[in-house]
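Q: just the structure for this:
(one chain, ligands or ions: 1)
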Amino acid sequence: MILALPRGRQLSLKRCKLMAILNVTPDSFSDGGKFVGHDAALRQVEQMLKDGANIIDIGGESTRPGAAEVSKTEELDRVIPVIELIRREFDTVISIDTYKAAVMKAAIDAGADMINDVRALQDQGAIEIAVKTQVPVCLMHMRGMPGSMQQLTDYQHVTNEVLSFLQQRAELCIAAGINPSQIILDPGFGFAKTLAQNYQLLAELSTFQQSGFAVLAGMSRKSMVGQLLNKPVSERLAGSIACATIAVMHGARIIRAHDVKETADAIAVAEATMFGEFE
Ligand code: 8Y7
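A: The predicted model follows:
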C-alpha cells in the first residue's frame, strides 16, 4: 500500500503513519489559538517532525461538535500562508483538512500533498479537484453539521452503516477517476456517534480494513476518551494512546493525533507486536 504524492513523491503505508494535527484556528478545542502565528506554527511543525510525525494535517476551520463555521476567505487566509511556509522549510507530507473544494484547490496549489475531508468530498467540485490533482484523499464519515450532529446518532448497526456510506463515496470517487489506491477511509470517531457507537467502531475497525482501502483513525483527546474516563481534554493522553494502540492492532494505517511523541511510541509497540520486525 503506497500513496502517490505530487511531484513524484510517495508515502508507503506498509508501516503505520502518524498524522500530526496542526490547527491554525483561534477556536480549536484543545490548543485553541496557540498556533495562529506563523512562527509558532513552524516551530510546532519542526518539533512534530522531530517527534516522529509523518504527515502534518493543517486545518483552518474547527470541525469539532458545536464549532462555528468560517468563511472560505477566512479559512484560506489561515491555511495558505502556513502551507507555503511548511512546504518551503520542511520535506514532509502536508495534508489539508477541509471540506471546501476551493480551499482544497488553493492548498494543493500552495504545496499540500493530500486531502483530509470530514465530508468525504461531498462539496460541489471536490471530487473533480481530487481527480485533476490525483492526490490521496481521506474520506471520513459524519452526519449533519458540527452544530447538530450529536442529535443524529440513530443507526441500525453503526459499523455496517458507516462502512456502506464510505464505500458508496469511494465508488463514486473511483467512477469519477480517482485511483482506488489513493483512497483512505475513516469512520469519523466522535462525529454523530454516541460513546457506545465510538467504541463499537473501534472494536470493529478491522471491518473497514477488510474493504481493501487504507484506514485512518483519529481519536486523540476526543470525548470518547473524556466521557469514558470523566476527564478534561488536558488529561486524555493515556486514554488517547490506548485508542491509537488498539486502532493499529485492528489494521489502521494512519493515526491522527495531537501528542506526537507518545503516539509514535504507541504505534511502534503495536507494530512490533503485529509484524515482529526488530531492526
Ligand atoms: C478527525 C478529522 C477531526 C478524524 C479525520 C478533532 C479534521 C476533531 N477529527 N479528520 N478531523 N478523522 N480524518 O478532535 O477523526 O480533531 S477534527
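
Q: hey, where'd the strands end up in this protein?
A: Secondary structure of the chain (DSSP state E): strands at 2-4, 10-12, 17-23, 55-59, 93-97, 114-117, 137-140, 183-186, 214-218, 254-257.

Q: of those strands, which is nearest residue 207?
A: strand 214-218 (9.5 Å; CB to CB). In this view, the C-beta of every residue, glycine as well, is placed from N, C-alpha and C.

Q: circling back: want to throw the strands of the chain into JSON lines with mean neighbour count?
A: Rendered in JSON lines, the data for those read as follows (neighbours: other CB atoms under 10 Å):
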{"stretch": "strand 2-4", "mean neighbour count": "18"}
{"stretch": "strand 10-12", "mean neighbour count": "12"}
{"stretch": "strand 17-23", "mean neighbour count": "25"}
{"stretch": "strand 55-59", "mean neighbour count": "24"}
{"stretch": "strand 93-97", "mean neighbour count": "26"}
{"stretch": "strand 114-117", "mean neighbour count": "27"}
{"stretch": "strand 137-140", "mean neighbour count": "27"}
{"stretch": "strand 183-186", "mean neighbour count": "25"}
{"stretch": "strand 214-218", "mean neighbour count": "27"}
{"stretch": "strand 254-257", "mean neighbour count": "28"}
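
Q: and residue 65, what pLDDT?
A: pLDDT for residue 65: 64.

Q: tell me the contacts of residue 126?
A: Under the criterion of CB atoms under 8 Å, 6 or more residues apart in numbering, the neighbours of residue 126 are 99-101, 104, 115, 117, 119.

Q: repeat that for 10 Å
A: Residue 126 sits next to 98-105, 115, 117, 119-120, 137, 173 when contact means CB atoms under 10 Å, 6 or more residues apart in numbering.

Q: do the same with residue 114
A: Taking CB under 10 Å, 6+ apart, we find residue 114 in contact with 3-6, 11, 19, 55, 57, 93-96, 104, 107-108, 130, 133, 135-138, 182, 184, 254.

Q: distance of residue 119 from residue 19?
A: 18 Å (CB to CB, to the nearest Å).

Q: same question, residue 87
A: Here residue 87 is placed at a distance of 17 Å from residue 19 (CB to CB).

Q: and for residue 143?
A: The value you get for residue 143 to residue 19, if CB to CB is used, is 23 Å.

Q: nearest residue to the residue of the chain found nearest the ligand in space, please, no chain neighbours.
A: Distances between the chain and the ligand by CB to the nearest ligand atom are smallest at residue 218, namely 2.8 Å. Excluding the flanking residues, the one nearest residue 218 by CB to CB, 6 or more residues apart in numbering is residue 256, at 3.5 Å.

Q: show me what contacts that neighbour?
A: Going by CB under 10 Å, 6+ apart, residue 256 touches 17-21, 55, 57, 95, 97, 116, 138, 140, 186, 189, 216-220, 244, 247, 263.

Q: do residue 15 as well
A: Per CB under 10 Å, 6+ apart, neighbours of residue 15: 54, 253, 267-268, 271, 275, 277.

Q: I'd like those laid out as JSON lines, including pLDDT and distance to the ligand.
A: Listed next are the contacts of residue 15 as JSON lines, based on pLDDT from 0 to 100; distance: CB to the nearest ligand atom, whole Å:
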{"residue": "54", "pLDDT": "98", "distance to the ligand": "15"}
{"residue": "253", "pLDDT": "98", "distance to the ligand": "12"}
{"residue": "267", "pLDDT": "98", "distance to the ligand": "16"}
{"residue": "268", "pLDDT": "97", "distance to the ligand": "21"}
{"residue": "271", "pLDDT": "96", "distance to the ligand": "20"}
{"residue": "275", "pLDDT": "91", "distance to the ligand": "24"}
{"residue": "277", "pLDDT": "73", "distance to the ligand": "27"}
